[in-house]
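**Student:** Build me a model from this:
(2 chains)
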Amino acid sequence: GNSVTQMEGPVTLSEEAFLTINCTYTATGYPSLFWYVQYPGEGLQLLLKATKADDKGSNKGFEATYRKETTSFHLEKGSVQVSDSAVYFCALSDLRGLTFGKGTHLIIQP
Amino acid sequence: GAVVSQHPSRVICKSGTSVKIECRSLDFQATTMFWYRQFPKQSLMLMATSNEGSKATYEQGVEKDKFLINHASLTLSTLTVTSAHPEDSSFYICSARKPTLNQGEQYFGPGTRLTVT
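**Tutor:** Residues are numbered from 1 along each chain as shown, chains lettered A, B, ... in the order given. Presented below is the predicted three-dimensional model:
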């Protein structure tokens, strides 16, 4: 079946540091790929998405490129802020719905 | 926009009672809604998929007689936890999908924190 693997956290960075959260997937066909963010005590919010190979999703300074050759969708941001502290989930969309990775807890220290 | 609401946001109930959680798509019609369960510091576990007007499809290991799902309209799905026990305490999140040609993204509700005492 389909699966998503993302780096385990927590990931702790200083403000203005460069962020990379790795995500790789296993899937049949050509799924859409997503990054969702969950702030403390809240539900999930869509951060960005890509629907086909080589697409780049971007939002709020975050970017991720759909790499079919490496089956990856790594999340990056050039300069993180304290307000980016949250749990980030990589996911793919298939016929059943969304398959999530286990989430990466990101902590940004001032 | 695509806003999904859940009610209640928090509920505490006694063991043996039943609890109903509502999920509404506020500004779009959702032919498919999903119910997830999230344990502390863990990922979301898909419980079931519900399509308007038909029976829900439950994931393996999820008891359909315990977690009753009703998708009565294109904007409302309900999850009823029957005869709740402390181990049912969790964060329940619903999501809704727009009827588009592609599978597309899901729009998530803010979640419901259930505590069974």
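**Student:** Just the element for residue 79, please.
**Tutor:** By default, I'm working from chain A. Using DSSP states H and E, A:S79 falls within no helix or strand.
**Student:** look at chain B instead
**Tutor:** strand B:76-81.
**Student:** Run through the residues of chain B sitting next to chain A.
**Tutor:** B:6, B:32, B:34, B:41-44, B:46, B:49, B:93, B:95, B:97, B:102-111 (C-beta under 8 Å from any C-beta of the partner chain). C-beta here means a position set from N, CA and C on the backbone, and glycine is covered the same way.
**Student:** name the helices or strands packed onto the strand holding B:L79?
**Tutor:** strand B:19-25, strand B:32-38, strand B:67-73, strand B:90-97 (3 or more C-beta pairs under 8 Å, 6 or more residues apart in numbering or on different chains; DSSP states H and E).
**Student:** now that strand against strand B:90-97, angle please.
**Tutor:** Orientation check (axes from the mean of the first three to the mean of the last three C-alpha atoms, to 10 degrees): strand B:76-81 against strand B:90-97 gives 160 degrees.
**Student:** Which neighbours in the sheet does strand B:76-81 have, and how are they oriented?
**Tutor:** If you go by DSSP bridges, strand B:76-81 pairs up with strand B:19-25 (antiparallel), strand B:67-73 (antiparallel).
**Student:** nearest to A:G1, of these?
**Tutor:** Nearest to A:G1 among the strands paired with strand B:76-81 is strand B:67-73 (21.8 Å), distances taken as C-beta to C-beta.
**Student:** one step back: would you indicate which residues of the strand holding B:L79 are buried?
**Tutor:** B:76-79, B:81 (16 or more other C-beta atoms under 10 Å in any protein chain shown).
**Student:** again with stretch B:109-117
**Tutor:** Those would be B:109-112, B:114, B:116, for stretch B:109-117 by 16+ other C-beta under 10 Å.
**Student:** Throw those into TSV and include pLDDT, distance to B:G53 and secondary structure, thanks.
**Tutor:** Converted to TSV, these look like this (pLDDT from 0 to 100; distance: C-beta to C-beta, whole Å; DSSP: H, G, I helix; E, B strand; the rest coil):
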residue	pLDDT	distance to B:G53	secondary structure
B:G109	93	21	coil
B:P110	91	26	coil
B:G111	92	26	coil
B:T112	95	24	strand
B:L114	96	27	strand
B:V116	96	31	strand
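**Student:** count of neighbours near the residue nearest to A:D55 when sequence neighbours are not counted?
**Tutor:** Excluding the flanking residues, the one nearest A:D55 by C-beta to C-beta, 6 or more residues apart in numbering or on different chains is A:Y66, at 4.8 Å. Neighbour count for A:Y66, taken as other C-beta atoms under 10 Å in any protein chain shown: 21.
**Student:** Please read off the pLDDT at A:Y66 from the model.
**Tutor:** Reported pLDDT at A:Y66 in the predicted model: 97.
**Student:** Dump the buried residues of stretch B:109-117 into JSON lines; add distance to A:V11 as well.
**Tutor:** Shown next, in JSON lines, are the buried residues of stretch B:109-117 (distance: C-beta to C-beta, whole Å):
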{"residue": "B:G109", "distance to A:V11": "27"}
{"residue": "B:P110", "distance to A:V11": "25"}
{"residue": "B:G111", "distance to A:V11": "23"}
{"residue": "B:T112", "distance to A:V11": "28"}
{"residue": "B:L114", "distance to A:V11": "29"}
{"residue": "B:V116", "distance to A:V11": "33"}
